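Participant: A predicted structure for the sequence below; I have some questions about it.
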Amino acid sequence: MKKEIASIVLIFLIGLCARAQALYFEHIDIKDGLSQNTVNEILQDSRGFMWFGTKDGLNRYDGKHFKIFRNIPYDTSGLRNSQIRCLVEDMSGRIWVGTNSGLYVYDVEKGRFSEMHVRDEHGGGSL
């Protein structure tokens, strides 16, 4: 009985190993176009883009080129802070960006950010 269970577990583990994919890592930094070497957050979205939240902007990487999103004064469709703290993709494919001074959502289809205003649980002002 113990040999049969051990054989089943062994076959299962061999099957898992056979299906495992090799991982490939590439070292990228400012020499490659990253806006800043201090990366606070990394996200791979559903379209395959890699997003890097740094101390100096949000970087979208397609495997060859970076597109950098930073604070641009008086640009209402952009980020108002370049220090990125967290990144999340929602079920609609929008990228949520937490910064040192607020929360933003990037609409991929429109190519613009919207600032999100969060109210406290007591119905008061924005947090």
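Facilitator: Perfect, thanks for sending it. Numbering: from 1, shown residues only.
Participant: can I get the helix or strand in which Gly53 is found in PDB, CA atoms only?
Facilitator: Using DSSP states H and E, Gly53 sits within strand 50-54. Only the C-alpha atoms of strand 50-54 are listed here, as PDB (Å, rounded to 0.1, in the frame of the first residue of the first chain):
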ATOM      1  CA  MET A  50       5.600  45.000 -17.300                       C
ATOM      2  CA  TRP A  51       4.900  48.100 -15.100                       C
ATOM      3  CA  PHE A  52       7.600  49.400 -12.800                       C
ATOM      4  CA  GLY A  53       6.700  51.900 -10.100                       C
ATOM      5  CA  THR A  54       9.700  53.900  -9.100                       C
END
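Participant: which elements pack onto that strand?
Facilitator: With contacts taken as 3 or more Cβ pairs under 8 Å, 6 or more residues apart in numbering; DSSP states H and E, strand 50-54 sits against strand 39-44, strand 57-61, strand 84-89. Just so you know, the C-beta spots here come from the backbone N, C-alpha and C atoms, and that holds for glycine as well.
Participant: of these, which is nearest Ile28?
Facilitator: For Ile28, the closest of the helices and strands packed on strand 50-54 is strand 57-61, at 7.3 Å, according to Cβ to Cβ.
Participant: please compute how far the strand holding Gly53 lies from its chain's middle.
Facilitator: 6 Å (Cα atoms, centre = their mean, to the nearest Å).
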